[in-house]
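Student: task: produce atomic coordinates for the following.
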Amino acid sequence: QSQFVESGGGLVQPGKSLTLSCVASGFSLDHYAIGWFRQAPGKEREGISCITYGQESKVYTDSVKGRFTISRDDAQNTVYLEMNGLKLEDTGVYYCGFSVVGESSCTALSEHWGRGTQVTVSS
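Tutor: Okay, the predicted model is just below:
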């Protein structure tokens, strides 16, 4: 079965770091732009970062700029999201998926999501 598999979430204190991984299972990420999307409690899912296939473009939503870094290893069929300086408002379920990479935004190409990985920032 082809799906995205997210991992790396957890419960951390404010200011700490986590690195999320997104593995494509059953298909290749080659030639696809991929995004990370977050659904905070009671809110709609939002695109927070995305990366083109050749990594020439990386986009971040304003709330995570300077704190999060997206990267990919196509040999490992994996996209990463390094999250530093975590804040309470970063809490949510994080998903990855195919994305349109705009100048300043990331738009999901599909509504078929994996299980996501929970990130909880709490003191």
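
Student: just how off-centre is stretch 82-101 within its chain?
Tutor: 5 Å (C-alpha atoms, centre = their mean, to the nearest Å).

Student: next, the buried residues of it.
Tutor: Buried residues in stretch 82-101, counted by 16 or more other C-beta atoms under 10 Å: 83, 86, 90-99, 101. From N, CA and C alone the C-beta is placed, and that goes for glycine too.

Student: tell me which of those residues is nearest to G35?
Tutor: S99 (3.0 Å; C-beta to C-beta).

Student: so which elements touch the helix or strand that closest one falls within?
Tutor: S99 is part of strand 92-101, with elements assigned from DSSP states H and E. Applying 3 or more C-beta pairs under 8 Å, 6 or more residues apart in numbering; DSSP states H and E, one finds that strand 92-101 contacts strand 3-7, strand 18-25, strand 34-39, strand 46-51, strand 78-83, strand 106-108, strand 117-121.

Student: ok, now which ones touch the closest residue in space to A40 that isn't next to it in sequence?
Tutor: Leaving aside its sequence neighbours, A40 sits nearest to G92 (C-beta to C-beta, 6 or more residues apart in numbering; 3.9 Å). Contacts for G92 (C-beta atoms under 8 Å, 6 or more residues apart in numbering) come out as R38, Q39, A40, P41, K43, Q118, V119.

Student: the fourth one and G114, how far apart?
Tutor: So the one you mean is P41. Using C-beta to C-beta, to the nearest Å, P41 is found at 19 Å from G114.

Student: counting neighbours, go ahead and name the busier of these two.
Tutor: The neighbour comparison of P41 against G114 (other C-beta atoms under 10 Å) goes to G114, with 17 against 8.
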